[in-house]
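**Student:** Predicted model, plus sequence, below.
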2 protein chains.
Amino acid sequence: MQRRPFLATLGATAAALTTGTRAQEAPGRKLGWALVGLGSLSTHQIAPALAKTKHCRLAAIVTGTPEKAEKWKAQYGIPDSHVYNYETFDRIAENPDVDVIYVVLPNSMHEEFVIRGAKAGKHVFCEKPMANSADECRRMIAAMKSAGKQLGVGYRCQFEPHHRECMRLAREKVFGDLKFIEAGFGFQIGDPAQWRLRKKLAGGGALMDVGIYALQACRYLTGEEPVEIVAQEVKTDPVKFAEVDETISWSMKFPSGVMASVMTTYAFNGVNSFTAVCQNGKFGMDPAYSYDGLKGWTSKPEVKIEFPAVDHFQTEMDAFAAAILADVAFVPSGEEGLWDLLAIEAIYRSIAEGKAVTVGNV
Amino acid sequence: MQRRPFLATLGATAAALTTGTRAQEAPGRKLGWALVGLGSLSTHQIAPALAKTKHCRLAAIVTGTPEKAEKWKAQYGIPDSHVYNYETFDRIAENPDVDVIYVVLPNSMHEEFVIRGAKAGKHVFCEKPMANSADECRRMIAAMKSAGKQLGVGYRCQFEPHHRECMRLAREKVFGDLKFIEAGFGFQIGDPAQWRLRKKLAGGGALMDVGIYALQACRYLTGEEPVEIVAQEVKTDPVKFAEVDETISWSMKFPSGVMASVMTTYAFNGVNSFTAVCQNGKFGMDPAYSYDGLKGWTSKPEVKIEFPAVDHFQTEMDAFAAAILADVAFVPSGEEGLWDLLAIEAIYRSIAEGKAVTVGNV
């Protein structure tokens, strides 16, 4: 349980981020990406970001909605041969133009399409949360391992420079030993008919969707896995949130003695931050998890966390492509997604059983 | 459980704070205070503050240390007849110069001296935490009620203008409904031999001493009592903190659906704040609980929380005296102290039993 997944891998990812020498050996080579699921995230974030990448290009689309296919074909000049639906998807194995499959479907469909992607012999990049359960994550990891292809999880903040600097401040103990983390992410969710409020599709509510960012922050600041969690839930709108969690607050202990106090909500705006309290000072971000406008701060005027804005999706896709081109293991991989699901399952279990629980192991 | 102690009483206290018409009817009258326990707080905060009050004067001292008695007699011109030790204390009943007894002893001695003060027929002001247990609080309240005298608890922040403005912002819904509170107070405690680290004297550790401020903030921002609590403890120094708690994080639900995430520690500095997240914005204080340098903030540039510094001890003692002179019920009274001990006992119970617990009732 005391593994430090990020400490070891931060360097490797950083190497991949510098684009990798092998990638530079093949300067003309851009990996072809197939987007599976053409919802809001694909439309407004991922497709525009792909156009800005260095190592990637939009090669194919997979959608269950013919109208979307027509629109995207026209907009991005995608030939008919590179358009798939959920039934014809597996034929993507025969398309040499597709190197990477990016799964942007509702959470409950991640497992199926990652495994079908593995069987098609492609690298797969999967949106967060990786799946609805740790068991699904385990099967996805096994399938990718069998295929001998890389599996990446879309934890965009891990490639964002403010977050990376905060990881460094914590790991290098710039403010001394890390002692306590306070983190939270939530927003007031709109349309009550959306898939995010259906347990079968989303697996859970605020925790699965946005709480996971605050959980991630605690994990990558400490470089540790939580060992014990106590959690509490409040539901003020049992109709809208009949199937999924609305507001959750939890506390977790890490092996080093760091304690984290975290919250998430679908009921209101205003929480989007983390604070890392260390022996000799503190630092944090607020807002921390938005697509832009991120702000870092520290308790020492001489230590600043200031970086130009980056496109999170561009950066993470280029990092995944660079790792593939350089043939180095990409992080955050499926194991990262699994660890988060183990913590999330512990949080739900603590709420259901009304007691402190230990976090499951891989 | 859904009582709103502060809502009703904020007005009454405010009236008392304006000094009360009866107090003004007797403009020369200053209440005589007897300080019981001449430790650091009495020496460095309370005695200097008494000198600045409008309605109070230092009339007598009670100490077990003859050297301290000599020093205070000389410094404050206190006659021999107004100096007591813990054995002779009860003779204070015969001293008409003493109106109020201020108990500034280690927590475990509060009950005894409040009850002896009641039997002496004096009003009593008691430092926080009121006692080591809810049962002790109940006996103290009963004794004061029998004596027909007022019992006040030294929750200095309730008289501090930044805190009072935050109460108003929450109660009057200036930012809409209150949704979530994040609060915490801790510091790195020094001398390992001090009474605060002895369970028998202090009743507990960081939670009893400083966590209570963050607990209070949650209670006076909501105007409600918590109904369910889950808590977790970390102990990184089991030698220094062999008897008392070191770091605790807890989550609590209030009847209105507000959730609070709170922490306290004796192991490190850097947490001294609260944030109130509301429907349409947020506000808070950081630092929140220090004797000076307090800072308020809000999410709206047009709403500021800015007040001149006040001496917290002067203000609370004058408020207690004004309530007595005006013959209005003082708040925070013993019931306030009791509610905090009920929540604190629930926190310790949750840690001991490893489960969610409901908060006891008065």
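**Tutor:** That came through, no problem. Quick caveat: nothing in here was measured; it's all calculated off a predicted structure.
**Student:** Show me what from chain A comes close to chain B.
**Tutor:** Within chain A, the positions near chain B by Cβ under 8 Å from any Cβ of the partner chain are A:179-180, A:182, A:184, A:228, A:230-232, A:234, A:236, A:247, A:249-253, A:257-263, A:265, A:267-268, A:270-271, A:277-279, A:281-282, A:299, A:350, A:354-356. Backbone N, C-alpha and C define where each C-beta goes, glycine included.
**Student:** Go ahead and confirm A:D286 touches A:G270.
**Tutor:** No: using Cβ atoms under 8 Å, A:D286 is not in contact with A:G270; the gap is 10.4 Å.
**Student:** who has more neighbours, those two?
**Tutor:** Shown here are A:D286 and A:G270; by other Cβ atoms under 10 Å in any protein chain shown, A:G270 has more neighbours (22 against 15).
**Student:** Once you drop chain neighbours, what's closest to the more buried one?
**Tutor:** B:V277 (4.4 Å; Cβ to Cβ, 6 or more residues apart in numbering or on different chains).
**Student:** Repeat that for A:A59.
**Tutor:** Per Cβ to Cβ, 6+ apart, closest to A:A59 is A:G32, 3.0 Å.
**Student:** Okay, and the beta partners of that neighbour?
**Tutor:** Beta-bridge pairing for A:G32 (DSSP bridges): A:R57.
**Student:** ok, A:Y348 touching A:A206?
**Tutor:** No: in this structure, A:Y348 is not within contact of A:A206 by Cβ under 8 Å, at 11.9 Å.
**Student:** Give the residues shared as contacts by those two.
**Tutor:** A:D245 (Cβ atoms under 8 Å, 6 or more residues apart in numbering or on different chains).
**Student:** Pick out whichever of the two has more residues nearby.
**Tutor:** A:A206 (25 against 19).
**Student:** tell me the domain boundaries of chain A?
**Tutor:** Partitioning chain A according to automatic domain parsing yields domains covering residues A:5-156, A:161-307+A:333-358.
**Student:** So A:M252 sits against A:T222, correct?
**Tutor:** No: if you go by Cβ under 8 Å, A:M252 and A:T222 don't touch, sitting 9.8 Å apart.
**Student:** what about the lengthiest helix in chain A, average pLDDT?
**Tutor:** Determined from DSSP state H, the single longest helix within chain A is helix A:334-353. Average pLDDT, helix A:334-353: 98.
**Student:** which stretches of the stretch 151-300 of chain A have low pLDDT?
**Tutor:** Within the stretch 151-300 of chain A, no range satisfies pLDDT under 70.
**Student:** Do me a favour and get the end-to-end distance for stretch A:234-247?
**Tutor:** For stretch A:234-247, the first-to-last residue distance is 5 Å (Cα to Cα, to the nearest Å).
**Student:** got it, and stretch A:147-159?
**Tutor:** First residue to last in stretch A:147-159 (Cα to Cα) measures 26 Å.
**Student:** now swap in stretch A:208-216 and tell me
**Tutor:** 11 Å.
**Student:** How about residues contacting that stretch?
**Tutor:** Contacts for stretch A:208-216 (Cβ under 8 Å, 6+ apart): A:107, A:128-129, A:132, A:155, A:157-158, A:183-187, A:196, A:202, A:244, A:248, A:262-264, A:266, A:274, A:288-289, A:340, A:343-344, A:347.
**Student:** do that again at 7 Å, thanks
**Tutor:** Contact partners of stretch A:208-216, identified using Cβ atoms under 7 Å, 6 or more residues apart in numbering or on different chains, comprise A:107, A:128-129, A:155, A:157, A:183-187, A:196, A:202, A:248, A:262, A:264, A:274, A:289, A:340, A:343-344.
**Student:** Can you flag the buried ones in those?
**Tutor:** Neighbour-count burial (16 or more other Cβ atoms under 10 Å in any protein chain shown) applied to those gives A:107, A:128-129, A:155, A:157, A:183-187, A:196, A:202, A:248, A:262, A:264, A:274, A:289, A:340, A:343-344.
**Student:** For the stretch 251-362 of chain A, which segments are assigned as strands?
**Tutor:** With DSSP state E, counting those that start in this stretch applied, the stretch 251-362 of chain A shows strands at A:259-265, A:272-278, A:281-285, A:296-298, A:357-358, listed in chain order.
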